[in-house]
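In: Got a predicted model here, sequence first, then my questions.
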Amino acid sequence: MFDNKENTDLEKIGEFGLIDLLSKSIELTESSTVKGIGDDAAVMNYGDNQTLISTDLLLEGVHFDLRYVPLKHLGYKAVQVNLSDIYAMNGIASQITFSIGLSSKFPLEAVEEIYAGAILACKKFNVDLVGGDTSASKQGLIISVTSIGYVNDLDITYRDGAQEGDLICVSGDLGGAYVGLQLLEREKQIFLENPNIQPDLEGKDYIIERQLKPEARKDIIHLFKDIGIKPSAMIDVSDGLASEVLHICKQSKKGCKLYEDKIPIDQMTFDTAREFGLDPTICALSGGEDYELLFTVKQADYDKIKGDVDISIIGYITEENAGCNLISKAGNMHPIKAQGWNAFS
């Protein structure tokens, strides 16, 4: 993809030279892409569909730590995080713009690594990179991704459509990304105290990948179409299960009951959380960054989803005055509180 192996000073090629170099590696494959990089704006044609647009900002020292996040993984994750918002609307992502701000400490090869990860994600999810911006930064590395997609009028799904009696479902498993982060942070501290000690990550590949290389759930959107389901409400799990279910309930003006023993937690996540003295359920409720899809469906759709091993039914929607509650494994009821990611904490 990129041939440079040395540390090339970005000043030598300049902004436009960098754009020319990066754009040579970008291939447009989406039929809706009319014009990509090279003009004042990208051009897309969606016909009769609703257009979806979402933007995410990732800041060094806030959203990622370059002491353990590989640059290629960072580029990949930056795209995945953004595509997840499109899928959470029951839509299909088709284009992204990818903007980057960086200091002079980054050589050209570092930028190429970031973009290589972004382009890999685009290829995997059939998304075109159609533009963006580059800038100098005095605040560390900054990445901003805007994703563009589409959805038919009849299929679009918001957060506010949950109805009393609807089943609450989630794809995949939860808590892995947070526990993976704890593991990476522990090994970072050990390294800072003694650089001669090698990281001990053996056997923890799954939770490390959940943190460093998440996968947006485009497959679930295709599953809905295949089995004939339209969720009544949906959101992606970026800030933790508790925060997301409260968003759905607040915007739908409903309550909910979740069951602790139904929350899907991978065995490695469970065991590693215990090693850290953490409650695996709390990790799933408040950890965040799993990028699974949390959604509600009518009870009549139960037979369509009950046999899918990648979907868990974890509770149901109640009337608003009943509140939002978690039923523990011991059968006790606890109010659900949002304790996940706070961007300004």
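Out: Great, that's in hand. Numbers count the residues shown, from 1 in each chain.
In: residue contacts, the residue nearest in space to the middle of the chain?
Out: In the chain, the C-alpha nearest the mean C-alpha coordinate belongs to residue 81, at 3.3 Å (C-alpha atoms, centre = their mean). By C-beta atoms under 8 Å, 6 or more residues apart in numbering, the contact set of residue 81 is 56, 58, 145, 214, 216, 238, 291. Placement of C-beta: from N, CA and C, glycine included.
In: go again using 7 Å as the cut-off
Out: 56, 291 (C-beta atoms under 7 Å, 6 or more residues apart in numbering).
In: and it, what element?
Out: helix 71-87 (DSSP states H and E).
In: all strands for the stretch 51-200 of the chain, in order.
Out: 92-102, 128-131, 134-136, 142-151, 167-171 (DSSP state E, counting those that start in this stretch).
In: so what secondary structure elements neighbour the longest one?
Out: Looking back up the chat, that one is strand 92-102. Judged by 3 or more C-beta pairs under 7 Å, 6 or more residues apart in numbering; DSSP states H and E, the packing partners of strand 92-102 are helix 71-87, helix 108-124, strand 128-131, strand 134-136, strand 142-151.
In: Turn those into TSV, including mean pLDDT and distance to residue 310.
Out: Converted to TSV, these look like this (pLDDT from 0 to 100; distance: least, C-beta to C-beta, whole Å):
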stretch	mean pLDDT	distance to residue 310
helix 71-87	96	14
helix 108-124	95	18
strand 128-131	94	28
strand 134-136	88	38
strand 142-151	95	22
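In: how about these, which one is nearest residue 20?
Out: Evaluated over the helices and strands packed on strand 92-102, closeness to residue 20 peaks at strand 134-136, with 11.5 Å, by C-beta to C-beta.
In: what comes up buried for that closest one?
Out: For strand 134-136, burial by neighbour count (16 or more other C-beta atoms under 10 Å) applies to residue 134.
In: Pull up the distance across stretch 259-276, start to finish.
Out: 24 Å (C-alpha to C-alpha, to the nearest Å).
In: Buried residues, it. List them.
Out: 259-260, 263-266, 268-270, 272-273.
In: ok, back up a step: ok, the residue nearest to the centre of the chain to residue 110 distance?
Out: The gap separating residue 81 from residue 110 is 20 Å, by C-beta to C-beta, to the nearest Å.
In: now do residue 215
Out: For residue 215, the distance to residue 110 - C-beta to C-beta - is 24 Å.
In: Make a markdown table from the strands of the stretch 51-200 of the chain and add distance to residue 231 to it.
Out: What follows is these, written out as a markdown table (distance: least, C-beta to C-beta, whole Å):
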| stretch | distance to residue 231 |
| --- | --- |
| strand 92-102 | 15 |
| strand 128-131 | 27 |
| strand 134-136 | 38 |
| strand 142-151 | 12 |
| strand 167-171 | 8 |
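In: Please report the distance of residue 224 from residue 124.
Out: Counting by C-beta to C-beta - residue 224 and residue 124 are separated by 20 Å.
In: When these two are compared, which one has more neighbours?
Out: Taking other C-beta atoms under 10 Å, residue 224 and residue 124 do not tie; residue 224 has more neighbours (21 against 15).
In: which residues are in contact with the strand or helix carrying the more buried one?
Out: Assigned by DSSP H and E, residue 224 falls within helix 218-227. By C-beta under 7 Å, 6+ apart, the surrounding residues in contact with helix 218-227 are 87, 90, 92, 125, 171, 230-231, 293, 304.
In: helices or strands next to the next helix or strand after that helix in the packing?
Out: Going down the chain from helix 218-227, the next helix or strand is strand 233-236, by DSSP H and E. Applying 3+ C-beta pairs under 7 Å, 6+ apart, one finds that strand 233-236 makes contact with helix 71-87, helix 241-252, strand 293-297.
In: May I have the strands that pair with strand 233-236, each with its orientation?
Out: Applying DSSP bridges to the sheet, strand 233-236 is found paired with strand 293-297 (antiparallel).
In: Which of the residues in the helix or strand that comes right after the strand it pairs with are classified as buried?
Out: Heading C-terminal from strand 293-297, the first helix or strand you meet, by DSSP H and E, is helix 302-305. Of the residues in helix 302-305, 304-305 count as buried by neighbour count, 16+ other C-beta under 10 Å.
In: going on from helix 302-305, what's the next piece of helix or strand?
Out: strand 311-318.
In: my hunch is that residue 25 is in a strand, does that hold up?
Out: No: secondary structure assignment (DSSP: H, G, I helix; E, B strand; the rest coil) places residue 25 in coil, not in a strand.
In: if you skip the residues just before and after it, what's nearest to residue 155?
Out: Once flanking residues are discounted, residue 155 sits nearest to residue 90: 5.2 Å by C-beta to C-beta, 6 or more residues apart in numbering.
In: Just list the residues touching that neighbour, thanks.
Out: 151, 155-157, 221, 224, 231, 234.
In: Among the residues you listed, which one has the most neighbours?
Out: residue 234 (27 neighbours).
In: My read is that it contacts residue 91, right?
Out: No: counting by C-beta atoms under 7 Å, residue 234 does not reach residue 91; the two are 10.3 Å apart.
In: and this protein, what are its domains?
Out: 10-151, 167-335 (automatic domain parsing).
In: hmm, back to that, any chance of the helices and strands packed on strand 233-236 in TSV, with distance to residue 115 too?
Out: Putting these into TSV (distance: least, C-beta to C-beta, whole Å) gives the following:
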stretch	distance to residue 115
helix 71-87	6
helix 241-252	31
strand 293-297	27
